[in-house]
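>>> Below: sequence and its predicted model.
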Amino acid sequence: MSSRLGENAVVIGGSIAGLVTARVLSDYFEHVTILERDHIEPRPQVRKSTPQGHHLHAVLRGGLQVLSRLYPDFTAVLEGMGAVPGRITLDAPLYLPDGVAYSLTGTVKEPRDLGFQLYSQSRGLLEHCIRQYSLAVPCISLECDATVDGLIHRNGRVEGVRYRRDGEPLSLSSDLVVDCGGRGSHARRWLAENGFESPPESVIGVDFAYSSTKFINPNHARESGTLVAFGGPPPKYTRGAALVLIEDGVWQVSVAGRFGDYPPDDAAGFMNFVKDLPTPKLYEMLEGAERVDEIAHYRFPTSVLRHYERLESFPERFIVLGDAICSFNPVYGQGMSSAILQADALEHILAERAAQASGLDALAAAFFPKAAEVVSTPWVLAANFDFSYPQTKGERPPMTPDTMRYVLILDALTAEDIEVQKTVSDVFNLVRPPSVLWDEPLRSRVHERMHEFDHPERS
């Protein structure tokens, strides 16, 4: 039985989301064309349309698992290109005002090896590695300097795209169009042009900004770990930073602030900002170190979730994926992994349809609810951290006082039991759903501890 679902597919955007989506589609279409508006060189680079590309980037373990399935020996090849492996949380200390911790909340105070690695590298290197893998698939092609102007739409169905390359108007017919155009996706405008409603949005005003640059030989950095974070607990502290070893022995540094307390993009201002972090540790590391790159600044005012799954009608043969659905506060490093997992959800739907020979009709109606499930975990996790600050604006995800109490006691248990910490880490790395935090026997352990707190005389 053939696995093919169509002749041609078009992916809008050559980002990581677009490249991975093209790889997924390559198993079900004779040809897949990626249309990328930037010019791409055959080397690691930051694309012009990714202003956040100069800052820290990491793929969480859930995303790495998908990449390793789609691309044979992915982590080995990535490491061979220069990416630096780091054991979580053993190589990732968090410097706080009251000392060093080894969990995001600061609860775990000693280093532990949780049994898996993440990889640190520049965004350009990561994207280059994925691009090389995807373009090695014979049926995938990449057209650079190609700006998509609109959809070719007839009778409720998308049949291709209109685009420009070097100023020349062109069109491309297809059986499926996937918009991976990122936060700046034009999908909502295209929907309106063709008589469809735009999706409702959830917006969280995080008012976050960061500045990044690179150093060589920071003081005692390698002895601390490969990914070193600095900050303080909310809501008192709005500043934070990270120092990460990437390819070529270079250390990438990002400093961040919220609610108007933004890091500058000049050398003196950058170091003054570092000096006033909640802990002096990063300043001690960078003092006297050589800066080898310009300082890049990026502001991220709002996290946006577009609820395509709530639309009652949507054009056939068209879907939206990645940051075009949801763009997260970048401080938590979830965006790329979320997009990769959305592409994985698409792959499962396409595989089922190929097996059943059921075609591409109503694909959007099948995909968007699955994408919403993928996005839900990182969105809620990030939002709950963001709303630790009273200045954060928007609608807080529902969390009852009992749930909050449960989570706080669960966090306390991570300090006592590495297996609990592994389970929590799996959720934050998008490997397992949050529901596992309420599974037995963990649920009974948390409730027992809650009972001890409520009735200390009985414990």
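Okay, I see it. Residues are numbered from 1 along each chain as shown.
>>> which regions of this structure sit below the pLDDT cut-off?
Applying pLDDT under 70 to the chain flags the ranges 1-2, 453-459.
>>> and the residue most central in space within the chain, what are its phi and psi?
Residue closest to the mean C-alpha point of the chain, counted by C-alpha atoms, centre = their mean, is Gly335 at 1.7 Å. Main-chain torsions, Gly335, degrees, to the nearest 10: phi -60, psi -50.
>>> wait, what's in contact with the closest residue in space to it that isn't next to it in sequence?
Excluding the flanking residues, the one nearest Gly335 by C-beta to C-beta, 6 or more residues apart in numbering is Phe328, at 5.1 Å. All C-beta atoms are positioned from the backbone trio N, CA, C, and that covers glycine. Remark: with contacts taken as C-beta atoms under 8 Å, 6 or more residues apart in numbering, Phe328 is in contact with 303, 334-335, 338, 378-379, 382.
>>> Mind doing that once more with 10 Å?
Contacts for Phe328 (C-beta atoms under 10 Å, 6 or more residues apart in numbering) come out as 204, 206, 300, 303-305, 334-338, 375, 378-379, 381-383, 386.
>>> again with Leu363
Here Leu363 is in contact with 5, 176, 178, 314, 316-319, 346, 349-350, 353 (criterion: C-beta under 10 Å, 6+ apart).
>>> By neighbour count, which of these wins?
Val178 (30 neighbours; other C-beta atoms under 10 Å).
>>> which element is that one on?
strand 176-179 (DSSP states H and E).
>>> returning to that earlier point: among the contacts of Leu363, which one lies nearest to Ser224?
Leu346 (39.7 Å; C-beta to C-beta).
>>> how about the closest one, what does it touch?
Leu346 is in contact with 20-21, 24-25, 28, 178, 319, 321, 363, 366-367, 370-371, 374, counting by C-beta under 10 Å, 6+ apart.
>>> Roughly how far does the closest residue to Tyr28 other than its chain neighbours sit from Gly225?
Excluding its sequence neighbours, the residue lying closest to Tyr28 (C-beta to C-beta, 6+ apart) is Leu5, at 4.4 Å. Taking C-beta to C-beta, to the nearest Å as the measure, Leu5 and Gly225 are separated by 46 Å.
>>> ok so, going back, using CSV, lay out the contacts of Leu346 together with distance to Ala241 and secondary structure.
Converted to CSV, the contacts of Leu346 look like this (distance: C-beta to C-beta, whole Å; DSSP: H, G, I helix; E, B strand; the rest coil):
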residue, distance to Ala241, secondary structure
Val20, 30, helix
Thr21, 33, helix
Val24, 36, helix
Leu25, 39, helix
Tyr28, 44, coil
Val178, 36, strand
Ile319, 38, strand
Leu321, 32, coil
Leu363, 43, helix
Ala366, 42, helix
Phe367, 38, helix
Lys370, 36, helix
Ala371, 32, helix
Val374, 29, helix
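>>> Surely Ala92 and Phe230 touch.
No - if you go by C-beta atoms under 10 Å, Ala92 and Phe230 don't touch, sitting 11.9 Å apart.
>>> shared neighbours, the two?
Ala242.
>>> Going along the chain from the longest strand seen in the chain, find the next helix or strand for me.
In the chain, taking DSSP state E as the definition, the longest strand is strand 201-216. Of the helices and strands lying after strand 201-216 in sequence (DSSP H and E), the nearest is helix 221-224.
>>> Without its sequence neighbours, what residue ends up closest to Arg341?
Actually, residue 341 is Leu rather than Arg. In space, Leu341 is closest to Val374, 4.8 Å off (C-beta to C-beta, 6+ apart).
>>> Actually, Ile16.
Nearest to Ile16 is Met336, by C-beta to C-beta, 6+ apart, at 5.3 Å.
>>> Repeat that for Gly225.
According to C-beta to C-beta, 6+ apart, the nearest residue to Gly225 is Asp91 (4.1 Å).
>>> For that neighbour, give me the backbone phi and psi.
phi -100, psi 20.
>>> how near is it to Arg112?
11 Å.
>>> Would you mind grabbing the residues shared as contacts by these two?
Tyr102.
>>> more neighbours, these two?
Neighbours were counted for Asp91 and for Arg112 using other C-beta under 10 Å; Asp91 has more, 21 against 17.
>>> wait, what's in contact with the more buried one?
Neighbouring residues of Asp91 by C-beta under 10 Å, 6+ apart: 84-85, 102, 111, 113, 117-118, 120, 224-228, 245.
>>> Filter those down to the ones in strands?
84-85, 113, 117-118, 120, 227-228, 245.
>>> for these, which one is nearest Ile40?
Ser120 (22.9 Å).
>>> Can I get stretch 261-275 in PDB, CA atoms only?
What follows is stretch 261-275, C-alpha atoms only, in PDB (Å, rounded to 0.1, in the frame of the first residue of the first chain):
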ATOM      1  CA  ASP A 261      14.200  46.900  33.600                       C
ATOM      2  CA  TYR A 262      15.800  45.900  30.300                       C
ATOM      3  CA  PRO A 263      19.400  45.100  29.700                       C
ATOM      4  CA  PRO A 264      21.300  47.700  27.500                       C
ATOM      5  CA  ASP A 265      23.100  46.900  24.200                       C
ATOM      6  CA  ASP A 266      26.200  48.900  24.900                       C
ATOM      7  CA  ALA A 267      29.300  47.300  26.500                       C
ATOM      8  CA  ALA A 268      29.400  49.500  29.600                       C
ATOM      9  CA  GLY A 269      25.700  49.200  30.200                       C
ATOM     10  CA  PHE A 270      25.700  45.500  29.600                       C
ATOM     11  CA  MET A 271      28.400  44.900  32.300                       C
ATOM     12  CA  ASN A 272      26.700  47.300  34.700                       C
ATOM     13  CA  PHE A 273      23.500  45.300  34.300                       C
ATOM     14  CA  VAL A 274      25.500  42.100  35.000                       C
ATOM     15  CA  LYS A 275      27.000  43.700  38.100                       C
END
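>>> List the contacts of it.
Against stretch 261-275 from outside (C-beta under 10 Å, 6+ apart): 207-213, 230, 237-239, 241, 253-257, 276-277, 280-287, 291, 294-299.
>>> Was I right to think Asp3 contacts Glu352?
Rather than Asp, residue 3 is Ser. No - Ser3 is beyond contact range of Glu352, at 11.1 Å (criterion: C-beta under 10 Å).
>>> Appreciated, that's everything.
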